[in-house]
Every structure is written in C-alpha cells, then in structure tokens.
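Asks: Got a predicted model here, sequence first, then my questions.
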Amino acid sequence: MRKALTCLAIAGLIVMSGCLPNATMYYRPTVDVDSTHEKSHCVPIEKYVHFRINTAAQVLKVRGYGDSYSHSHTEGTEGQYVIYGNWKEIKYKNDDFYLAIQGSNDKIKPKKTYGERHNYEGYSMFNSGAVFPKQDSDSFDVVFPPLLVDGEEIELPILHIKRTIWAGISPFNC
C-alpha cells in the first residue's frame, strides 16, 4: 500500500512538473449575433468568434478576429473577417471601414485594407480586414462596410474587441 501511494505521488509530481502557471493578455472578439468562440489549444483564450450569415442563395460562415500589436517592424490595430461560402463575385460595397473607441464619437479610418479571394474545390474563402493606427484602449469596435455577394448586399455585424486577461495553468511543452 505504501509503495502504491509513493508511486502515485511520484506520478502526480511528474504530471504537475509539466504544467506552469501562466497569464496572457489577448483581445477577445464578439458580435451582436448568435456566435461561438474558438479556443486555442494550450492556452484556452477565445481568439476567434464564429457566426453565420444567411443570404438568398447560401449560408456564409464567418470567422472574426481583432488585435492591437507592436512588433519591431510595425504596429497597428486590426479587425478581420474571413468568410467561407460559394460565390462568383465577392467584394465590399465601398471602403467605409472605421474603428470606434467606446465613449468617443471619432471614426478612425484605416491605414490599410485588404480583401484576398481564394477558391478551393467545393468552397471559396474571402480573407478581409482593415489595419488602423495602434490603439491602446481596453475595447474598440471595427465597423465593416456592406458586403456584396453575387450582387446581394449583406450587412456585417460590428466586430467588438475587448482586451482580456487569461490566467491559469498550461502545459510546459506548448
């Protein structure tokens, strides 16, 4: 019995030695429509929001993401929608992207926008977004212009981004 408890204690220490306390700051995206969040594998932060948009011809699957970053070569604040479906043509109606900070009436224009279309067997993907001057606020909203999918105008929900802190124990080998 004593030998079994000793082995169990040693096994517990080995398992626990592979885990470390961890804390990280990230930007959690949300939208005002029915949605779910995708969690990362090792550190379970809610980095992406997933939702669907019904059109006359199909259901579009959308993944939203937002971040504010500083790297040695660049800095900025970004809002992104990746849209999956089947279409002949997809584009934004205009270039009226903007960022709004809660509590302010200012509409911050992007310094860069992008929209990359990719066609795969059975589906298409539209990776689109806007990069704004770096923001240090705890929360901000990214507003996208209407989307045109095969001539049909689609309103996209506002992408709400909030700085969040995750703390917990994560595996050492991630």
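Replies: Thanks, I have the structure now. These numbers were taken from a predicted model, which means no experiment stands behind them.
Asks: Quick check: Leu147 vs Asp141, distance?
Replies: For Leu147, the distance to Asp141 equals 17 Å [Cβ to Cβ, to the nearest Å]. Using the backbone N, CA and C atoms, a C-beta is placed for each residue, glycine as well.
Asks: Between the two, point out the one with more neighbours.
Replies: Leu147 (23 against 17; other Cβ atoms under 10 Å).
Asks: how close does the more buried one sit to Val31?
Replies: 14 Å.
Asks: Show me the residue at the heart of this protein, geometrically.
Replies: For the chain, Tyr65 is the residue whose C-alpha lies nearest the centre (Cα atoms, centre = their mean; 2.0 Å).
Asks: In contact with it, which residues?
Replies: With contact set as Cβ atoms under 8 Å, 6 or more residues apart in numbering, Tyr65 has these partners: Pro29, Lys47, Tyr48, Val49, Glu78, Gly79, Gln80, Val82, Gly129.
Asks: Would you tell me which one of those residues comes nearest to Lys109?
Replies: Here the nearest of the contacts of Tyr65 to Lys109, counting by Cβ to Cβ, is Gly79; it sits at 12.7 Å.
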